[in-house]
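Asks: Take a look and give me a structure for this.
(chains A, B, C and D)
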Number of protein chains: 4
Amino acid sequence: MKAVVLNCTLKKSPDRSNTQLLADVVVKALEGRGVEVRAFRVVDHDVPPGVVTDLGEGDEWPMLHDELLAAEILVIATPTWVGHPSSVAQRVIERMDAMISEQDADGRPVAYNRVAGVVVTGNEDGAHHVISEVSGALVDIGYTIPGQSWTYWNMGPGPGPDYPDTVHGHEWSRSTGEAMAANLHAVARALARSPIPAPPSSG
Amino acid sequence: MKAVVLNCTLKKSPDRSNTQLLADVVVKALEGRGVEVRAFRVVDHDVPPGVVTDLGEGDEWPMLHDELLAAEILVIATPTWVGHPSSVAQRVIERMDAMISEQDADGRPVAYNRVAGVVVTGNEDGAHHVISEVSGALVDIGYTIPGQSWTYWNMGPGPGPDYPDTVHGHEWSRSTGEAMAANLHAVARALARSPIPAPPSSG
Amino acid sequence: MKAVVLNCTLKKSPDRSNTQLLADVVVKALEGRGVEVRAFRVVDHDVPPGVVTDLGEGDEWPMLHDELLAAEILVIATPTWVGHPSSVAQRVIERMDAMISEQDADGRPVAYNRVAGVVVTGNEDGAHHVISEVSGALVDIGYTIPGQSWTYWNMGPGPGPDYPDTVHGHEWSRSTGEAMAANLHAVARALARSPIPAPPSSG
Amino acid sequence: MKAVVLNCTLKKSPDRSNTQLLADVVVKALEGRGVEVRAFRVVDHDVPPGVVTDLGEGDEWPMLHDELLAAEILVIATPTWVGHPSSVAQRVIERMDAMISEQDADGRPVAYNRVAGVVVTGNEDGAHHVISEVSGALVDIGYTIPGQSWTYWNMGPGPGPDYPDTVHGHEWSRSTGEAMAANLHAVARALARSPIPAPPSSG
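Replies: Here you go, the predicted structure:
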């Protein structure tokens, strides 16, 4: 089983990504269950705005799109900015919009029988909303969202420390992330054994 | 397999509920797949505000709570008011909050291995947000949200007709609702065959 | 100048409302600026679901509606439940929906030239979203939202203490609430001196 | 009085922007009130991800930032993608985040005494949520949101026509946009005459 993690931090490598630090908890827990994980920092790639899969020369989204189609599990990891998913996370969702009309050999939207979860960090409140926004968009595209398949970290109220600046709450975020990995893995396995069929004809 | 539909209209019986009319499409499609469906109009019951399962004498939530635990599939059907899920839908979510700490015999949150979807109507724009809000809350509680397990109807922009006042878009809402029923059924079946285990110990 | 605070806690009097404790910071700051403040705990009143101003016998919303029309400033204070405004806050917004089509003597929606702000508490993350949801709905109805006219308190990640259980962050929530009161007062005064006229005829 | 319109379409010039077509209604109405309007298509400029005002060589945000500070009125115009504000709109909000700690000569956040509104188009439902998300973020930054200072266009349910493909609902979107322009202008004028003072010292 394969998983892809898209880290939607605003910071290019080699800057430290706080979001990656929490995502790594989920990566490690997935690997502990035998899942092969590939992680990408989206902002290190050239992903122009648009809603088609291939915008032509220089567009690196098609490579990420192929990674998504090779993986049963997707993890979107994003910081919280002004209470929202990052612009990079929204860019990813926009590019994934084209997947709604892409079908597999059996006539199913390509996201069917794939599962997704969300990792959120922030120096301020906002994680629940970010999780709902990203999960809602991925359900729209066809991903299944397992119960409790998210984790987050922040420390309100108001602007506070970044994730690595304190140990406050790390244990909760870690154990929640491990449950997330277990639930993603379990539902991906269930769908592999007993897949969602093609949608009924609307004819 | 059993399903429960909670219609979160603001209108008591016997007033006509537009939301029920669209929910009925999903009910019929679930029944066509052999699912036993029970539907409740929440506002016909006394469900006081709170975040525990039983608020004592006169509280009818415990009956609805038992229905939820008897069903593998949950459908929340809600109108859109000022762009949000109805206050009745939010009341239901608040009462379900207690389910986060209720466990089955194997130590799993009781919502694990159950699936949920959302039906939305409105005389104005707002359905995508309502679907994200309700789905996000249900994932928090432990329900799994199958890909494309929602349908909606409205006709923007601005205040427009109610669902039964026109046939505009009914065909899209119907076929989307039938796909929703198929996806809810398929994922509930997959989880019945291959269930999510109890979360890893955080010890 | 007059202000109304609607406390949308789920708990009836005489239970302690954590939300009221933070709202009191704003009340005191408004009073310090000479504003006459009246506060209501909505759940102590019979406010049935609906979208008209008067649902008939036993409906106590018309009394609250009259209070709104007597005040230049509105403060919605709400707890966060499963990341959302409380069902009581949404009930209030639904009842206020009727105000969109109520006009003053000059043909303006009745909410024009009134200002509003939001106070949020929670034992978990969610305040920014609650503020956006409530503010967005009130703008729809015609209220003006002054810059930085909100305050909140929570302490993530995960379920944590209630507001009165710790002093963590109280100072930030207090000074933010005092700025909120100042901004509500300043913009209400500006609109009193230089009001928004009736909307241009759409004819 | 000056206004800036930031069009957050995903499409670079010279491609047609549907969002611009509706924004132009608001531009024309503002100009009819004597406001000098400058409009920018953000995606035609190099605005890299980040949360500071100046990211250095090649960053064109500082030019847009200066335009914001020269204008009393801001209009964010955005398409709806998967139910959310566009990634370009979120990029703008992230870059504006730095304005929270920028102060004018009197110690006020620079956004104080400026007003903002939102224009939304889409080929699907989502506008109310987009308006709440953008308005909520701008209130956070310090902008005042006048009552009913938005307009939108879409035609649900499901994927439908683009704004210029039909005349359905154009009249409503136009008159709502004209009211938006009137309200932005009126509140900007009120704040010019009677400004919000610096926040109370938190000392």
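
Asks: And the longest helix belonging to chain A, what's buried?
Replies: Using DSSP state H to define each element, chain A has its longest helix at helix A:170-193. The neighbour-count check on helix A:170-193 (16 or more other Cβ atoms under 10 Å in any protein chain shown) flags A:170, A:172-191 as buried. C-beta coordinates here come from the backbone N, C-alpha and C atoms, glycine included.

Asks: Checking the residue most central in space within chain A next. Helix, strand or coil?
Replies: Nearest to the mean C-alpha position of chain A, counting by Cα atoms, centre = their mean, stands A:I76 at 1.7 Å. At A:I76 the chain is in strand, as set by DSSP: H, G, I helix; E, B strand; the rest coil.

Asks: bridging residues for it?
Replies: A:L6, A:V118 (DSSP bridges).

Asks: Quick check: it vs chain D, distance?
Replies: Distance, A:I76 to chain D, using Cβ to the nearest Cβ, to the nearest Å: 13 Å.

Asks: My understanding was that that residue contacts A:C8; is that so?
Replies: Yes - under the criterion of Cβ atoms under 8 Å, A:I76 makes contact with A:C8 at 6.5 Å.

Asks: Quickly list what's touching both of the two.
Replies: Shared contacts of A:I76 and A:C8 (Cβ atoms under 8 Å, 6 or more residues apart in numbering or on different chains): A:89, A:92.

Asks: hmm, back to that, average pLDDT across the longest helix of chain A?
Replies: What helix A:170-193 shows for mean pLDDT is 98.

Asks: could you say what helices and strands it packs with?
Replies: helix A:18-31, strand A:73-81, strand A:115-121, strand A:150-153, helix B:170-193 (3 or more Cβ pairs under 8 Å, 6 or more residues apart in numbering or on different chains; DSSP states H and E).

Asks: Within range of chain D, give me the residues from chain A.
Replies: A:10, A:43, A:49-51, A:81-88, A:90-91, A:93-94, A:96-97, A:133, A:136-137, A:140-141 (Cβ under 8 Å from any Cβ of the partner chain).

Asks: Swap in 6 Å and give it another go.
Replies: Neighbours of chain D within chain A, by Cβ under 6 Å from any Cβ of the partner chain: A:10, A:49-50, A:81-82, A:84, A:87, A:90-91, A:93-94, A:97, A:137, A:140.

Asks: In ChimeraX, how would I select just the buried ones from those residues?
Replies: Only the buried members of the residues of chain A next to chain D end up in this ChimeraX selection, burial being decided by 16+ other Cβ under 10 Å:
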select /A:10,49,50,81,82,84,87,90,91,93,94,97,137,140
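
Asks: Tell me the one of the residues of chain A next to chain D nearest C:E67?
Replies: A:V82 (32.9 Å; Cβ to Cβ).

Asks: ok, now how distant is the residue nearest to that closest one when sequence neighbours are not counted from chain B?
Replies: Excluding its sequence neighbours, the residue lying closest to A:V82 (Cβ to Cβ, 6 or more residues apart in numbering or on different chains) is D:A137, at 4.4 Å. According to Cβ to the nearest Cβ, D:A137 and chain B sit 15 Å apart.

Asks: Tell me the confidence at D:A137?
Replies: So D:A137 comes in at 98 (pLDDT).

Asks: so it is in which element?
Replies: helix D:127-141 (DSSP states H and E).

Asks: I'd like to know which elements that helix is packed against.
Replies: The contact analysis (3 or more Cβ pairs under 6 Å, 6 or more residues apart in numbering or on different chains; DSSP states H and E) places helix D:127-141 against helix C:127-141, strand D:84-85, strand D:115-121.

Asks: OK, contacts around A:W153?
Replies: Contact analysis of A:W153 by Cβ atoms under 6 Å, 6 or more residues apart in numbering or on different chains lists A:22, A:121, A:163, A:173, C:157.

Asks: And those residues, which of them are buried?
Replies: When the contacts of A:W153 are checked for burial by 16+ other Cβ under 10 Å, the buried set is A:22, A:121, A:163, A:173, C:157.

Asks: rewinding a little: settle this for me: the residue nearest to the centre of chain A is touching A:V119, isn't it.
Replies: No - judged on Cβ atoms under 6 Å, A:I76 makes no contact with A:V119 at a distance of 7.4 Å.

Asks: Next, A:P197: secondary structure please.
Replies: From three-state DSSP, the assignment for A:P197 is coil.

Asks: residues from chain A in reach of chain B?
Replies: Residues of chain A lying near chain B (Cβ under 6 Å from any Cβ): A:111-112, A:132, A:135-136, A:139, A:142-148, A:175, A:178-179, A:182-183, A:186, A:190-191, A:193-194, A:196, A:199-200, A:202.

Asks: where's A:N183 relative to chain D, distance?
Replies: A:N183 is 23 Å from chain D, by Cβ to the nearest Cβ.

Asks: B:L68 is nearest to which of the helices and strands packed on helix D:127-141?
Replies: helix C:127-141 (25.2 Å).

Asks: who touches that closest one?
Replies: Against helix C:127-141 from outside (Cβ under 6 Å, 6+ apart): A:83, A:125-126, A:129, B:82, C:76, C:80, C:85, C:93, C:96, C:99-100, C:111, C:116, C:118, C:120, C:145, C:150, C:152, C:154, D:132, D:135-136, D:139, D:145.

Asks: still on that earlier bit, against A:W150, how distant is the residue nearest to the centre of chain A?
Replies: 10 Å (Cβ to Cβ, to the nearest Å).

Asks: Then A:A192?
Replies: 22 Å.

Asks: I figured A:L10 hits D:P49, correct?
Replies: Yes - counting by Cβ under 6 Å, A:L10 touches D:P49, with 4.1 Å between them.

Asks: need the contact list for the closest residue to A:G147 other than its chain neighbours.
Replies: Nearest residue to A:G147 in three dimensions, chain neighbours excluded: B:G142, at 4.0 Å (Cβ to Cβ, 6+ apart). B:G142 is in contact with A:147-148, B:109, B:111-112, counting by Cβ under 6 Å, 6+ apart.

Asks: got a winner among those residues for most neighbours?
Replies: Counting neighbours by other Cβ atoms under 10 Å in any protein chain shown, A:G147 comes out on top of the contacts of B:G142 with 28 neighbours.

Asks: is chain C contacted by stretch A:16-26?
Replies: No - judged by Cβ under 6 Å from any Cβ, stretch A:16-26 makes no contact with chain C; its nearest approach is 9.8 Å.

Asks: What residues sit buried inside that stretch?
Replies: A:17-26.

Asks: What's the mean pLDDT across that stretch?
Replies: On average, stretch A:16-26 scores 97.

Asks: Would you mind giving the helices and strands packed on helix D:127-141 as a markdown table with distance to C:R33 added?
Replies: As requested, these are exported to a markdown table (distance: least, Cβ to Cβ, whole Å):
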| stretch | distance to C:R33 |
| --- | --- |
| helix C:127-141 | 21 |
| strand D:84-85 | 35 |
| strand D:115-121 | 22 |
